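Colleague: okay, here's the prediction I keep looking at, along with the sequence it came from:
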Amino acid sequence: MQREDEGEVAVIFVSRRNGEDAAGYDAAAAAMDALAAAQPGYRGVDSVRDGDGVGITISYWADTASAEAWRDHPEHVTIRERGRARWYDWYRVTVTTTTRAYAWTRP
């Protein structure tokens, strides 16, 4: 993914899934991915999850206002509440601004 990284806001979501309602989680995650991608200021996402249910998702936003608008989006708020009630044992969110970034790809 090609982006202008410097100055972006990165929202780092670290969580542990509890394994409940996998189909419901998968559907909600797909819907949130599509909805986030349609938001002004969205720059991309990276996500991984291990076999124990611990995952890291980093969403990238043009600025703080874009990241906060996503945080406050009504559909995202609803899914976040559902996640707390059904899908997660815990999560932590860290919001930071990118000061430098680079990438390498095998030719």
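Modeller: Sure, I can see it.
Colleague: how about the lengthiest helix in the chain: buried residues?
Modeller: Of all segments of type helix in the chain, defined using DSSP state H, the longest is helix 22-37. Applying a neighbour-count criterion of 16 or more other C-beta atoms under 10 Å, the buried positions in helix 22-37 are Tyr25, Ala28, Met32, Ala36. The way it works is simple: take the backbone N, C-alpha and C, and place the C-beta from them, glycine included.
Colleague: how about the third one, nearest residue that isn't a chain neighbour?
Modeller: Using C-beta to C-beta, 6 or more residues apart in numbering and skipping the chain neighbours, the partner closest in space to Met32 is Ile79 (5.6 Å).
Colleague: tell me where the protein has strands.
Modeller: In order along the chain, the chain carries the following strands (DSSP state E): 9-17, 42-49, 54-61, 88-97.
Colleague: looking at the ones you listed, which is closest to Ala103?
Modeller: strand 42-49 (11.0 Å; C-beta to C-beta).
Colleague: remind me what that closest one packs against, helices and strands.
Modeller: The elements that strand 42-49 packs onto, with contact taken as 3 or more C-beta pairs under 8 Å, 6 or more residues apart in numbering; DSSP states H and E, are helix 22-37, strand 54-61.
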